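Engineer: missing the sequence, but the structure's below:
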């Protein structure tokens, strides 16, 4: 009993540390990739290739003045960054990051918790993520922030439908909601769900970008119109928390996409964890690439795209898949 | 006291606390937040009763979608504090509401003290069978025995959609065809459907 | 995975399915066609209702979807009432669609049809979940319909009030039903009844020496929920405002269709399911006396408050509260006459009230006012309307030989017969007494309207132009009231099948 608790705790700590580190270095990755795409160099002074830059940023933010505006709702203003950050971390509880392995004589599972409704759990958690932004926008007592909060709630709701429906196709094929089981079913290259559900993959990717409020769907925080939207009024570590949360969500969505569509940790030669990280950072690179390439959507375009294009496509994909499964009876 | 009991007590207390604070708040946003807190705690209770699917759906649908819409509407109306909620209630209505509240509480106390709960726990419902509350079980029930209410619910949602569109859409005679954005219709639909 | 589907028997719900699809077709038609007259959608809806009636004649009785859908004679009886109420409500709407409802006509009629579909599903549900969903199907379109004049504050207020009350009462009802499910472990009404009757497992004492608190809680919550739907005091406060603000044909539909739906729900849950808790010999412990108090309060409150009203819609609203009280007296008489008397009462009430509201709608279209004062001189300008209105009001009062009289007569007769059977039922005599006394009050305020129509002189008498459809509705009402008053036997015969539908539940 005690062993289980200790191993579990260690695993949790390890995952949290790795995720946080990945978040930090994702910021560096973003700046570097963006810079190279624009023929610049990006951060180079802090450490070799700017490797110490995230740490320098962290220290800088920590020593900034923490400003709480007079007209804000104090308690919620202070809670919002945390509310925003926690769901991002919670997602990793059910993401299988490796095959089962043994260490120091203990058999260790490659996932924190193999929930048999893992996919639903992820949905439950990510659907809570919007509250951080909404609360931040509302409690700041600023018009820009409020607009950002309203936009984010409308956007999240609109894209969550297609987001959820895009996964149904995978579930129908996999016949399970357990993340581990879904990974196990993608053992060989052509078994990856990206080949069986290409449309669902594209939909998931698109909605995932919208759910994380990244370009080209970053209307809740667009700098040019809303002056950073929901976190206009934030400074110091609270701002940093939002920043980390955003990257946390990107990592979470990337991990889920990896697990559901790209076979998770499956891969030849290299250790499973490395494969997992490669795939996840492939997605991260894709995110940044998109940011460097696309202009921002207009708000009505965003809504029209979500409801008139993505949603019908997702519905069609779901129904088509269900029909396919029914006709071929691939369930049994 | 094992871990299950501890988790149950904590989540039950949080759920009741959230629900109480929800109705005690005069700030609508705070009300919504307490309701979310209560819902999430209830989801934990469901999970403990091995109704995993129900718990997850509770969070996804209620805490994650419907409450967001509530917040959305409240923020659109920009209700900030007590000043938007009208006058404080009259003495008579306050008296009735407290009386009924106290009576209901007493009633609940009687129920909890009464025998039937024990009988319910041990006799009639008994132990949950294997796989109880799993997605498969719920789906099986929903699409076989309870197919009729399930289909009726579909009809209900359709009616709610129609109703929401009728209420939300405002077009005066002679006006040019108004291009209503989808998100309004969609959000109202969800609300009514809930 | 192997699935065992229950026996579905889709043909049993052919009327409901047809009407549902027809409602959708009416709405789709209205959206897709550009050139149409103001009454096309309404005519389509009427045709749909008529065809549904025909289909119903050819539909067998029986069970579908396992045990969840039960098309029994009670369901058929009430479905006829629902269809007729919808027919008359739509018939009296043509003035509105010509003058005030210029948009969404298809939705207006479609929603009435959908609400009717909900009532029909409700009437044939034999299980708590589908019963509840049927109730919601009934009320959700009515929320929208009550608020259909979006530029009229009163109408919007009516819609919102009805929505809030409806949501609250549904929550109460569900709360109670969940207790019942917890105690019995089933949602099937017949099974609930047999479990409550035969087993002590649920902690429920079959000897009824004491009602267990949880059952009391459940019964209270259910009574509260249904009380709201039926507008029984103390859950009646929403009625006048909603009835006044809603478009008049919708008010009529609310007062008849929605009320009948509430009665069906009451009959199914309380009488079919919880019959064994209504034990006359242990009067203080049962729900019978509770309902009795509510019914008495309804008769008193409705009739007394109606006296002071100057707006005819508010007056009819209070009178509908009173009539709910009378019906509940019949409901409490659990003998074979009881349910039949309720059925007859609702039939009489259907013709009377729908006809009266059709006239109110006509005059409102013309004058824009529902004040009783504006009816002055109606007998001179439009004797047909004045005479019809008089007949309806007399029937509402309960003057022989009109249908309303026999309604009250049967209800009270059934109650007295019940009171004679058991000891501890003397309160039923009191209930009947209250009913008789308050009927006298009713005469006062109904007569006031007649006086205004016939004897009050006015400088600017009304000129009412009548659409043929409205005339048809009024004529149907008058004929129904007179013919079924002079010869109540067919309907009594029809209604007396109902107790049999409750199985061998009733003595």
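Structural biologist: Received it, and whenever you're ready, just let me know what you need. If you're wondering where the values come from, they're calculated on a predicted model, not measured in any experiment.

Engineer: Near chain C, which residues of the stretch 1-150 of chain A are found?
Structural biologist: Residues of the stretch 1-150 of chain A lying near chain C by CB under 8 Å from any CB of the partner chain: none. The way it works is simple: take the backbone N, C-alpha and C, and place the C-beta from them, glycine included.

Engineer: Tell me where the stretch 1-150 of chain A has helices.
Structural biologist: Applying DSSP state H, counting those that start in this stretch to the stretch 1-150 of chain A gives helices spanning A:2-37, A:53-62, A:74-91, A:118-128, A:130-139, A:143-174.

Engineer: quick one: whichever residue of chain B sits closest to chain A from residue C:444, how far?
Structural biologist: Across chain B, the shortest distance to chain A (CB to the nearest CB) belongs to residue B:64, at 2.5 Å. The spacing between residue B:64 and residue C:444, counted by CB to CB, to the nearest Å, is 57 Å.

Engineer: Looking at those two, which is more packed in?
Structural biologist: residue B:64 (27 against 12; other CB atoms under 10 Å in any protein chain shown).

Engineer: Ok, which of the helices of the stretch 1-150 of chain A comes nearest residue C:82?
Structural biologist: Closest of these to residue C:82 is helix A:143-174, at 35.3 Å (criterion: CB to CB).

Engineer: Can the closest one be said to contact chain B?
Structural biologist: Yes. Helix A:143-174 lies within reach of chain B by CB under 8 Å from any CB, at A:146, A:149, A:150, A:153, A:154, A:156, A:157, A:158, A:160, A:164.

Engineer: List the buried residues of that helix.
Structural biologist: Neighbour counts over helix A:143-174 (16 or more other CB atoms under 10 Å in any protein chain shown) mark A:144-174 as buried.

Engineer: so where does residue C:357 fall, helix or strand?
Structural biologist: helix C:336-367 (DSSP states H and E).

Engineer: picking up where we left off before, pick the most deeply packed of the helices of the stretch 1-150 of chain A.
Structural biologist: helix A:130-139 (a mean of 28; mean count of other CB atoms under 10 Å in any protein chain shown).

Engineer: which strands and helices sit next to it?
Structural biologist: helix A:74-91, helix A:143-174, helix A:236-261, helix B:28-48, helix B:67-77 (3 or more CB pairs under 8 Å, 6 or more residues apart in numbering or on different chains; DSSP states H and E).

Engineer: quick one: the helices in chain B?
Structural biologist: Ranges of helices within chain B are B:3-24, B:28-48, B:52-57, B:67-77, B:91-113, B:116-119, B:135-143, B:147-168, B:182-193, based on DSSP state H.

Engineer: residues contacting the residue in the stretch 1-150 of chain A that chain B sits nearest to?
Structural biologist: In the stretch 1-150 of chain A, the residue that lies nearest chain B is residue A:127 (2.5 Å; CB to the nearest CB). Applying CB atoms under 8 Å, 6 or more residues apart in numbering or on different chains, we find residue A:127 in contact with A:156, A:160, B:59, B:60, B:63, B:64, B:65, B:68.

Engineer: how about a cut-off of 6 Å?
Structural biologist: B:60, B:64 (CB atoms under 6 Å, 6 or more residues apart in numbering or on different chains).

Engineer: same check, this time on residue A:28
Structural biologist: For residue A:28, the contact set (CB under 6 Å, 6+ apart) comprises A:53, A:54.

Engineer: What distance do you get for it to chain C?
Structural biologist: Separation of residue A:28 from chain C (CB to the nearest CB, to the nearest Å) stands at 50 Å.

Engineer: Residue A:158 versus the closest residue to residue A:233 other than its chain neighbours, what's the distance?
Structural biologist: Residue nearest to residue A:233 in three dimensions, not counting chain neighbours: residue A:140, with 4.1 Å by CB to CB, 6 or more residues apart in numbering or on different chains. Remark: distance between residue A:140 and residue A:158 (CB to CB) = 23 Å.

Engineer: low pLDDT regions in chain B?
Structural biologist: B:1, B:78-89, B:111-131, B:170-194 (pLDDT under 70).

Engineer: Mind checking the helices and strands packed on helix A:130-139 for the one nearest to residue C:368?
Structural biologist: helix B:67-77 (32.2 Å).

Engineer: per-domain residue ranges of chain B.
Structural biologist: As assigned by automatic domain parsing, chain B contains the domains B:1-85, B:87-128, B:146-194.

Engineer: Can you tell me which residues in chain A are near chain B?
Structural biologist: Taking CB under 6 Å from any CB of the partner chain as the measure of proximity, chain A contacts chain B at A:117, A:120, A:123-124, A:127-128, A:130, A:134, A:138, A:150, A:153-154, A:157-158, A:177, A:303, A:307.

Engineer: Indicate the residue of the stretch 151-300 of chain A located nearest to chain B.
Structural biologist: residue A:153 (4.4 Å).

Engineer: Can you tell me, leaving aside adjacent residues, what's nearest to that residue?
Structural biologist: Setting aside the residues directly before and after it, residue A:153 is nearest to residue B:72 in space (CB to CB, 6+ apart), at 4.4 Å.

Engineer: Run a quick neighbour tally on the one you found.
Structural biologist: By other CB under 10 Å, 23 other residues sit near residue B:72.

Engineer: Also the one 5 residues further on?
Structural biologist: Counted with other CB under 10 Å, residues neighbouring residue B:77 total 10.

Engineer: pLDDT below threshold where in chain C?
Structural biologist: Counting by pLDDT under 70, chain C shows low-confidence ranges at C:1-3, C:198-213, C:277-286, C:335, C:422-424, C:461-462, C:499-507.

Engineer: what ranges do the helices span in the stretch 151-300 of chain C?
Structural biologist: Applying DSSP H, counting those that start in this stretch to the stretch 151-300 of chain C gives helices spanning C:153-184, C:189-198, C:213-230, C:238-245, C:248-253, C:259-266, C:287-307.

Engineer: Please identify the most buried of these.
Structural biologist: helix C:248-253 (a mean of 30).

Engineer: wouldn't residue A:115 be in contact with residue A:94 here?
Structural biologist: Yes. Using CB atoms under 6 Å, residue A:115 is in contact with residue A:94, at 5.1 Å.

Engineer: So between these two, which is more surrounded?
Structural biologist: Comparing residue A:115 with residue A:94 by other CB under 10 Å, the one with more neighbours is residue A:94, at 24 against 20.

Engineer: so what's that one up against?
Structural biologist: Contacts for residue A:94 (CB under 6 Å, 6+ apart) come out as A:113, A:115, A:118, A:121, A:179.

Engineer: Kindly state the pLDDT recorded for it?
Structural biologist: The confidence metric pLDDT takes the value 87 at residue A:94.

Engineer: Please tell me how far it sits from residue A:125.
Structural biologist: From residue A:94 to residue A:125 the distance is 9 Å (CB to CB).

Engineer: still on that earlier bit, kindly reformat the helices of the stretch 151-300 of chain C as JSON lines containing distance to residue C:367.
Structural biologist: Formatted as JSON lines, the helices of the stretch 151-300 of chain C follow (distance: least, CB to CB, whole Å):
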{"stretch": "helix C:153-184", "distance to residue C:367": "16"}
{"stretch": "helix C:189-198", "distance to residue C:367": "48"}
{"stretch": "helix C:213-230", "distance to residue C:367": "32"}
{"stretch": "helix C:238-245", "distance to residue C:367": "16"}
{"stretch": "helix C:248-253", "distance to residue C:367": "12"}
{"stretch": "helix C:259-266", "distance to residue C:367": "27"}
{"stretch": "helix C:287-307", "distance to residue C:367": "22"}
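
Engineer: CSV for these, including distance to chain A?
Structural biologist: Shown next, in CSV, are the helices of the stretch 151-300 of chain C (distance: least, CB to the nearest CB, whole Å):
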stretch, distance to chain A
helix C:153-184, 21
helix C:189-198, 31
helix C:213-230, 30
helix C:238-245, 31
helix C:248-253, 32
helix C:259-266, 33
helix C:287-307, 41
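
Engineer: For residue C:43, find the nearest of those helices.
Structural biologist: It's helix C:248-253; of those, that one is closest to residue C:43 (CB to CB) at 15.0 Å.
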